[in-house]
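In: one predicted model, sequence on top.
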Amino acid sequence: MTDAAVREHSRPALTDDREGMSYLDSIGRRLVHLYLPLGLIMVVLIFPFYWMALTAIKPDNQLIDMDTYNPFWVVSPTLKHINKLLFETNYPTWLWNTMYVSILATVLSLFASVLAAYAIVRIRYKGAQWVGAAIFLAYLVPPSILFIPLATIIQAYGLFDSPMALVLCYPTILIPFSTWLLMGYFKTIPYELEECALIDGASRWQILVKIILPLAVPGLISAGIFSLTLCWNEFIYALTFLSSTTKKTVPVAIVSEFVDGDIYRWGSLMAGALVGSLPLVILYSFFVEHYVSAMTGAVKE
Amino acid sequence: MSDSVAGRLTAPAIRHTTRWDRLRINRNWLGFWFMLPAALILVLFLAYPLGKGVWLSFTDAKIGRTGVFIGLENYEWLGLPWWEDADGVFWLSVFNTVVYTVVASVVKFAIGLYLAILLNQHLPFKALIRSIVLIPFVVPTVLSAIAFWWIFDSQFSIISWSLRHMGLIDHNINFLGDPNNARAAVIFANIWRGVPFIAITLLAGLQTVSPSLYEAATLDGATRWQNFRFVTFPLLTPIIAVVMTFSVLFTFTDFQLIWAMTRGGPVNATHLMATLSYQRAILAGNLGEGAAIATAMVPFLLFAIMVSWFGLQRRKWQQGADND
C-alpha cells in the first residue's frame, strides 16, 4: 500500500465524531461543495425578510434617496411606520380578525379530524379505507377552483361578508391534512390499551378522550400549529368572501387597503408585512420540531 | 321480597338490543357518528361546490343573479376549441400557467433536492439552519410577495441598485413592467417560496437512508454521482413523487403570489388561469365565465397528478421488484 492510502486510513481515527463518510472530505472541498452553496442559498432565502424589516424602520428620506445613504443599512431608524400602522389604521382589527378566524377554524377542524381519524383507523367501519382515500383526494382539490361556486353558496347561506364564512370554509383545507396526520399518530398507539379499556367497560368516546388523545398530544400540536399557519396564509377565500374594511384579514387588507399611489407607502407596507408575519414566526420558533413533523408526516403517509 | 330480588338479578339478561343500542354500539353506526362533523363540512363546502362549479360553467350566472343553462357558450367565448380564437387572453393565461408551473417546479425540485443533500451532511448548528430555511414557508405568501414587489420595484429596486453599483447595468431594470421580466420575477418568487418545503420534506426522506449503503457503494467503486443516482435517488423516489405532486398542484393553481405582485399584468403577461378566473368572475361579475376557466383547470390538474404520481410510482414498483 502506498503512503497516501495509509494516511487516508489513519485520518478517521482523529475525527471519529463525524458522520458517515464526510471524513473523506478536506476542508477546502467542504468549503466549496458545502458551506459556499449553502451560505448562498441561505442568504437568498433570508434577504427578503431582512429587506422587509429594514424598510419598516427606515425614515422616508432614506427610502428614496439611495445615493446619499447605503440602502443596505439604516441610519437613525424610526418607529414611525409601525406607529402609524398600529394607531392610524385598522391594522389591530385586521390582526384580530386573522387570529379569530384562524383559531376558530383550527379548533373546528381539529375536532372534526380527531373524530374522523379515530373512526378510520380504530373503529374501522365498513369502507373506512375508501373514506381515507377520499379524504386524501380532498387534500388535492385547490381553493382556486372552488372559490367561485363557494361564493354563490356563501351568498345563499347568508354568510357573505361574515368571518363565519371563513371559519366554515378553511376546514375544507385543514381537515384532509389534519386527518391524515392524526391517522398516522393514532396508528402508533398500541391497540392493547384500547382493548383493556373496552373490557373495563369504557365507551368509544371515553377511550378517545381519556386514552388516545393524551397519547397523541404531539400530533395534535403539530396539526394545530400547521393548520394555524395555513389559515393565516389563506388568501383567495378571504379576498372573495369579505368586503367591508373592518372585517378583512391581514393578507387581504395589506393588498387592498395599503396599496395606493403614494411613493412613501413602502415603509408602512413593509411594516404591515413584518407585523403580520411576526406572530407566526414566533409561534413557529417555539414549535419547530412539531411543525417539521407535521409537514413531513402528512407527506410520508 | 325474594321475587323482586330474583327479578332484579335476571333483568339485564333479558334486555334486548334496542334500535338505540344499535346506533350506539354498532361499528358502522359508530363510525358514521364519528365521521359526521368532517363529512358535513367536506360535503357542504368542498364536494358540493366542486360540482356546482362545473354546473355554473354551463350557465350565464352573474353576481346577484342565478343563471340559466347556456350549454358550452362560456367555453366558446373563451376560445375553446382553440382554433376559434375568440378572446386570446384565455390561451395566453393557459400558456403562462404551463410555463410558470413547469419552470418553477423543475427549478424548485433541483434546488430543493440540492439543499436537502447539503443539509443532510454533517454541519454545525444543523437544527438552527434547518429552522431558518423553513421561514419562507411559514411567512404568509402575500406578505413575502409584497416584499418581493418592493425588491422588484421599477425605481427603487435593490437589485437594480446593486447591479448599477457593480457597473453591470447603466439604468434600472423594469422588473414588473416588462412581460418577460415580470414572468421571470414571479417565477423567482414562487421558487423562493417553494424550495424550503421541498428541501425539508426531501431531507426527512434522506435521513432514512442508511449511511452504510453509501459506504458499501463507495467500496464497490461508486463515484459521488453514482452514489446519488443509484442509491439516493431510487430510495427517495416515493417521497419525491408525493412532494412533487403537491408542488405541481399548488403551483398550477397559484393565485395569491401573482395577485400581490402583478395582478396579472403587464398586458396579461403574468395572468394565470386562477387569477383570470378571479378577474372574470368576481371583478367583472361573470360567474359563469370564471367558473368555465376554473373548470378548464381540472383536466390539467388531473394530468399533472397522473404524470407525477404514476410516472414515479411505476419506477418505485420496478425498484421494489428488482430488489425482492
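Out: Ah, there it is. Numbers count the residues shown, from 1 in each chain, chains lettered A, B, ... in the order given.

In: below-threshold pLDDT in the stretch 201-324 of chain B: ranges please.
Out: Along the stretch 201-324 of chain B, segments meeting pLDDT under 70 span B:308-309, B:311-324.

In: around chain A, which positions in it sit nearby?
Out: B:201, B:204-205, B:211, B:214-215, B:218, B:239, B:242-243, B:245-246, B:249-250, B:252-256, B:259-260, B:273-274, B:277-278, B:281-282, B:287, B:290-291, B:294-295, B:297-298, B:301, B:305 (CB under 8 Å from any CB of the partner chain). To be clear about C-beta, it is placed using only N, CA and C from the backbone, and glycine gets the same treatment.

In: burial of B:Tyr214, as a residue count?
Out: 18 (other CB atoms under 10 Å in any protein chain shown).

In: my reading is that it is in a helix; is that accurate?
Out: Yes: assigned with DSSP: H, G, I helix; E, B strand; the rest coil, B:Tyr214 falls within a helix.

In: just checking, it touches B:Val231?
Out: Yes: judged on CB atoms under 8 Å, B:Tyr214 makes contact with B:Val231 at a distance of 6.1 Å.

In: re the thing from before, in helices, which of the residues of the stretch 201-324 of chain B next to chain A fall?
Out: In helices, judged by DSSP state H, the following of those are found: B:201, B:204-205, B:211, B:214-215, B:218, B:239, B:242-243, B:245-246, B:249-250, B:252, B:256, B:259-260, B:273-274, B:277-278, B:287, B:290-291, B:294-295, B:297-298, B:301, B:305.

In: I figured B:Ala38 was touching A:Ala112, is that so?
Out: Yes: in this structure, B:Ala38 is within contact of A:Ala112 by CB under 8 Å, at 4.0 Å.

In: A:Gln206 and A:Glu194, how far apart?
Out: According to CB to CB, to the nearest Å, A:Gln206 stands 11 Å off from A:Glu194.

In: swap that for A:Pro279, sorry
Out: Counting by CB to CB, the gap from A:Pro279 to A:Glu194 is 38 Å.

In: repeat that for B:Ala217.
Out: 44 Å.

In: one more: A:Phe287?
Out: For A:Phe287, the distance to A:Glu194 - CB to CB - is 28 Å.

In: now B:Val133
Out: B:Val133 is 39 Å from A:Glu194, by CB to CB.

In: who has more neighbours out of the two?
Out: The neighbour comparison of B:Val133 against A:Glu194 (other CB under 10 Å) goes to B:Val133, with 23 against 17.

In: give me the number of neighbouring residues for the nearest residue to the more buried one once chain neighbours are set aside.
Out: In space, and not counting its chain neighbours, B:Val133 is closest to B:Pro196: 5.2 Å by CB to CB, 6 or more residues apart in numbering or on different chains. Number of residues near B:Pro196 (other CB under 10 Å) recorded here: 23.

In: repeat that for the one 4 residues further on.
Out: Other residues near B:Ile200 come to 24 when the count uses other CB under 10 Å.

In: identify the residue nearest it in space, chain neighbours excluded?
Out: B:Leu134 (5.8 Å).

In: helix/strand/coil for the residue of chain A found nearest chain B?
Out: Going by CB to the nearest CB, chain B is nearest to A:Tyr125 of chain A, at 2.7 Å. Three-state call for A:Tyr125 (three-state DSSP): coil.

In: show me the contacts for it.
Out: With contact set as CB atoms under 8 Å, 6 or more residues apart in numbering or on different chains, A:Tyr125 has these partners: A:Ala119, B:Arg27, B:Asn28, B:Leu30, B:Gly31, B:Phe32.

In: can you rerun that using 6 Å?
Out: B:Arg27, B:Asn28, B:Gly31 (CB atoms under 6 Å, 6 or more residues apart in numbering or on different chains).

In: what is the nearest of those to A:Leu159?
Out: B:Gly31 (29.7 Å; CB to CB).

In: that closest one sits in which helix or strand?
Out: Assigned by DSSP states H and E, B:Gly31 falls within helix B:27-42.

In: okay, buried residues for that helix please.
Out: B:Leu30, B:Gly31, B:Phe32, B:Trp33, B:Phe34, B:Met35, B:Pro37, B:Ala38, B:Ala39, B:Ile41, B:Leu42 (16 or more other CB atoms under 10 Å in any protein chain shown).

In: stretch A:121-128 now?
Out: By neighbour count with 16+ other CB under 10 Å, stretch A:121-128 contains the buried residues A:Val121, A:Arg122, A:Ile123, A:Tyr125, A:Ala128.

In: any idea how far apart the tips of that stretch sit?
Out: 8 Å (CA to CA, to the nearest Å).

In: for it, what is the average pLDDT?
Out: Averaging pLDDT along stretch A:121-128 yields 86.

In: among the contacts of A:Tyr125, name the ones that also lie close to chain A.
Out: Contacts with chain A within the contacts of A:Tyr125, as defined by CB under 6 Å from any CB of the partner chain: B:Arg27, B:Asn28, B:Gly31.

In: between these, which is nearest chain A?
Out: Using CB to the nearest CB, those come closest to chain A at B:Gly31, 2.7 Å.

In: per-residue pLDDT of that closest one, please?
Out: For B:Gly31, pLDDT reads 87.

In: ok, A:Leu168 next?
Out: A:Leu168 is given a pLDDT of 93.

In: thought B:Lys62 was touching B:Gly288?
Out: No: in this structure, B:Lys62 is not within contact of B:Gly288 by CB atoms under 6 Å, at 7.6 Å.

In: more neighbours, those two?
Out: B:Gly288 (24 against 15).

In: surely the more buried one touches B:Phe58?
Out: No: if you go by CB under 6 Å, B:Gly288 and B:Phe58 don't touch, sitting 7.6 Å apart.

In: get me the contact residues on the stretch 201-301 of chain A for chain B.
Out: A:204, A:232-233, A:235-236, A:240, A:251, A:255, A:266, A:269, A:273, A:276-277, A:280, A:284, A:288, A:296, A:299.

In: just list what the helix holding B:Gly31 packs against, helices and strands only.
Out: Packed against helix B:27-42 by the contact rule (3 or more CB pairs under 6 Å, 6 or more residues apart in numbering or on different chains; DSSP states H and E) you find helix A:91-118.
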